[in-house]
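Asker: make a model of this:
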Amino acid sequence: QVQLVESGGGLVQAGGSLRLSCAASGSNFRINAMGWYRQAPGEQRDLVATITGAGSTNYANSVKGRFTISRDNAENTVYLQMNSLRPEDTAVYYCNANAWTGTGLRLRGDYWGQGTQVTVSS
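Answerer: So this is what the prediction gives:
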C-alpha cells in the first residue's frame, strides 16, 4: 500500500501563488507516474498535471503556462507550483500516484491523497 499526504493548500488572492506538495510513503513500492487532480463543488474530478518517472509532463489546457509540476524521485514527492491563480482554480486538489506494490512489485494500482483545499479570492 501507498499513502499520499498533501500539504500547501490555502487561501490566496487572485494573481497569487501557492505550492502544493505530496509525499508518498509505505512499504515495498515503486512509483510510476504522479499527478494532481482537482474537484470543484458539484463538478467532476479533473486532471491538472501529471509527470512520469522520467520527468515527462502533461498539463490541462487551463493551467498551461501558470502551473508547473515537478517531482523528487528520491523522496517520492511531487510538487505543484501554481502561479497567477484565478478564482476558477478554486477546488480541492488531490495527489495521485500510480505504483507497483507487493511481493515482487507485481501489483499495480492508483492511490489518492486526502485532498487539500485551494481557494482563490477575487
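
Asker: ok, L107 touching F29?
Answerer: No. With contacts defined as Cβ atoms under 8 Å, L107 does not count as touching F29, sitting 9.3 Å away. C-beta coordinates here come from the backbone N, C-alpha and C atoms, glycine included.

Asker: give me the more crowded residue out of those two.
Answerer: Between L107 and F29, F29 has the larger neighbour count (other Cβ atoms under 10 Å), namely 20 against 13.

Asker: give me the number of neighbouring residues for the nearest residue to the more buried one once chain neighbours are set aside.
Answerer: For F29, ignoring the flanking residues on the chain, the nearest one in space by Cβ to Cβ, 6 or more residues apart in numbering is T101 at 4.5 Å. Each residue near T101 was counted by other Cβ under 10 Å, and the total is 19.

Asker: helix or strand for the most centrally placed residue in the chain, which one?
Answerer: Nearest residue to the geometric centre of the chain (Cα atoms, centre = their mean): W36, 2.6 Å. Using DSSP states H and E, the secondary-structure element containing W36 is strand 29-39.

Asker: now that strand: buried residues?
Answerer: Neighbour-count burial for strand 29-39, with 16 or more other Cβ atoms under 10 Å as criterion, is recorded at F29, I31, A33, M34, G35, W36, Y37, R38.

Asker: I'd like to know which of these is nearest to V48.
Answerer: Using Cβ to Cβ, the shortest approach to V48 within those belongs to W36, at 4.3 Å.

Asker: correct me, but S122 touches A14?
Answerer: Yes. Between S122 and A14 a contact is recorded at 5.3 Å, counting by Cβ under 8 Å.

Asker: what touches both of these two?
Answerer: Residues touching both S122 and A14 comprise P87, with contact defined as Cβ atoms under 8 Å, 6 or more residues apart in numbering.

Asker: comparing the two, which residue is more hemmed in?
Answerer: Looking at S122 and A14 with other Cβ under 10 Å, you find the greater number of neighbours at A14, namely 13 against 9.

Asker: phi, psi for that one please.
Answerer: Dihedral pair for A14: phi -50, psi 140, per degrees, to the nearest 10.

Asker: state the distance from it to R86.
Answerer: Here A14 is placed at a distance of 6 Å from R86 (Cβ to Cβ, to the nearest Å).
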